[in-house]
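Novice: requesting a structural model of the entry that follows:
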Amino acid sequence: MRKLWAIFLALTAALCAADWRYYGFDPGNSRYSPDKQINTSNVNRLKVAWTWHTGDKSARPATQIQCTPLVIDGVMYVTTAQLKVAALRAGTGAVLWTFDPFASSDDKKPRGVLRGVMFWSAGAQKRVFFTYRHKLVGLDAVTGKPVAGFGDNGVVDLTKGLDRDIADLAYYVTTPGVIYRDLLILGSTTGEGPRPAAPGRVRAFDVLTGKQKWIFHTIPHPGEFGYETWPLDAYKRSGGTNVWGGLSLDLKRGMVFLATGSPTFDFYGGDRGETNLAFPGGPSRRVGLRSPHGAFAGHREKERPHDRRGRSSLEDGTRVRLRSRHRQIAVRHRRETHSGFRRAR
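Specialist: Residues are numbered from 1 along each chain as shown. Sure, this is the predicted structure:
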């Protein structure tokens, strides 16, 4: 793991001339840099430029790093094994600041997964956002200090505002969301059963205040599209149907794309009816929302209706260009299959 991390840092340092502003490089999550400094003719000659040791690896409990760093204006934003956030000089690895969300807690060896951070700027304001467990944190990108006007001294409790009490239920966010204008849009990770699980809502928060601006119910409420395909009042007790792999944006059309997992319990469907044909009744689907207000725009099922095989879509939708006059959305699934469908005009 340490060797792979060093190689990735070397690659990122070499690419620092081209910003990597989003978790997937661009709003559409192409995961591709157009920079030509590294290519097929010289990639085999790459050498480690520098290495930064996070210093917080733990064997028991075991920790890991799954971070995709951001590089913006020569500064690299990374996460560490024990869920700290750091800003480094991309060219040298020099540390600018670090932030430890557990500094004042009794948890001396925090663990979990934090796949990266989110960045927003407007004029002189620059902010870095990240999640740990069920918290969303806003930091000043220059100083690494919590933003006082964001949430409660820089922290938003994500267990609140879900339209349902999830006390004692697992709920956390491990993958960066997306930022559209002044909205930070997040999915979540929930339990998978057979015990009760939290619902996998998708929500948007104001980047300045942390206030929740809209919520999208992946398990529909009365009057919402697909409600009739679920058992009566399923929204009060059913869980999952969450977006744990991230989201992608179409900035021009103001749409956010997301891929959901199965309702809980993953491998049993006796408590959620036999049809589940329409979104969001069916599981494992790709969805389009209107970013400014979270309105449902369209969907497509990945799995057959009433999935009981736990085949959640692994990733957010990725915009790609195919040999067609239409731009399309591609989604990779947990079983390493791929699909594409035409994007709404």
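Novice: now residue 64: how far from residue 31?
Specialist: 20 Å (Cβ to Cβ, to the nearest Å). Heads up, the C-betas are built off the backbone N, CA and C, glycines and all.
Novice: name the residues linked to residue 171 by a beta bridge.
Specialist: residue 190 (DSSP bridges).
Novice: what's the neighbour count on it?
Specialist: By the measure other Cβ atoms under 10 Å, the count of residues near residue 171 is 21.
Novice: and residue 253, by the same measure?
Specialist: The burial count for residue 253: 14, using other Cβ under 10 Å.
Novice: got it, and residue 168?
Specialist: Other residues lying near residue 168 total 8 when counted by other Cβ under 10 Å.
Novice: how about low-confidence regions in the chain?
Specialist: 1-17, 108, 267-289, 291, 294, 296-345 (pLDDT under 70).
Novice: now the helices for it?
Specialist: 2-14 (DSSP state H).
Novice: I figured residue 133 hits residue 114, correct?
Specialist: No - when contacts are counted by Cβ atoms under 8 Å, residue 133 is not listed as touching residue 114 (9.4 Å).
Novice: the two: which has the busier surroundings?
Specialist: A direct count of neighbours by other Cβ under 10 Å for residue 133 and residue 114 places residue 114 higher, at 27 against 18.
Novice: tell me the contacts of that one?
Specialist: 66, 67, 79, 83, 130, 131, 132, 174 (Cβ atoms under 8 Å, 6 or more residues apart in numbering).
Novice: residue 212: which of these is nearest?
Specialist: Closest to residue 212 out of the contacts of residue 114 is residue 131 (14.5 Å), distances taken as Cβ to Cβ.
Novice: ok, now which ones touch the closest one?
Specialist: 114, 137, 158, 172, 173, 174, 176, 186.
Novice: what sits opposite it in the beta ladder?
Specialist: Going by DSSP bridges, residue 131 forms beta bridges with residue 136.
Novice: so how far is residue 177 from it?
Specialist: 8 Å.
Novice: can you check residue 96 too?
Specialist: Distance from residue 96 to residue 177, by Cβ to Cβ: 24 Å.
Novice: the more surrounded of those two?
Specialist: The neighbour comparison of residue 96 against residue 177 (other Cβ under 10 Å) goes to residue 177, with 27 against 15.
Novice: roughly how far apart are that one and residue 119?
Specialist: According to Cβ to Cβ, residue 177 and residue 119 sit 12 Å apart.
Novice: kindly report the same for residue 39.
Specialist: Residue 39 sits 27 Å away from residue 119, going by Cβ to Cβ.
Novice: which one's more surrounded, these two?
Specialist: Between residue 39 and residue 119, counted using other Cβ under 10 Å, residue 119 has the larger neighbour count: 22 against 8.
Novice: got a list of what that one touches?
Specialist: Residue 119 sits in contact with 21, 22, 70, 72, 77, 126, 127, 128, 129, 141, 179, where contact means Cβ under 8 Å, 6+ apart.
Novice: dump those residues to JSON lines, plus neighbour count and distance to residue 256.
Specialist: Output for the contacts of residue 119, formatted as JSON lines (neighbours: other Cβ atoms under 10 Å; distance: Cβ to Cβ, whole Å):
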{"residue": "21", "neighbour count": "17", "distance to residue 256": "17"}
{"residue": "22", "neighbour count": "23", "distance to residue 256": "13"}
{"residue": "70", "neighbour count": "25", "distance to residue 256": "19"}
{"residue": "72", "neighbour count": "19", "distance to residue 256": "21"}
{"residue": "77", "neighbour count": "25", "distance to residue 256": "22"}
{"residue": "126", "neighbour count": "17", "distance to residue 256": "23"}
{"residue": "127", "neighbour count": "22", "distance to residue 256": "19"}
{"residue": "128", "neighbour count": "25", "distance to residue 256": "20"}
{"residue": "129", "neighbour count": "26", "distance to residue 256": "16"}
{"residue": "141", "neighbour count": "24", "distance to residue 256": "23"}
{"residue": "179", "neighbour count": "23", "distance to residue 256": "10"}
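Novice: between these, which is closest to residue 50?
Specialist: Nearest to residue 50 among the contacts of residue 119, with distances taken as Cβ to Cβ, is residue 77, at 16.1 Å.
Novice: ok, the closest residue in space to the closest one that isn't next to it in sequence to residue 215 distance?
Specialist: Nearest residue to residue 77 in three dimensions, chain neighbours excluded: residue 70, at 4.5 Å (Cβ to Cβ, 6 or more residues apart in numbering). Counting by Cβ to Cβ, the gap from residue 70 to residue 215 is 27 Å.
Novice: kindly report the same for residue 41.
Specialist: According to Cβ to Cβ, residue 41 and residue 215 sit 50 Å apart.
Novice: so for those two, which residue has more residues nearby?
Specialist: More crowded of residue 41 and residue 215, by other Cβ under 10 Å: residue 215, with 14 against 7.
Novice: that one bridge partners, please.
Specialist: Where residue 215 sits in a bridge, its partners, by DSSP bridges, are residue 203.
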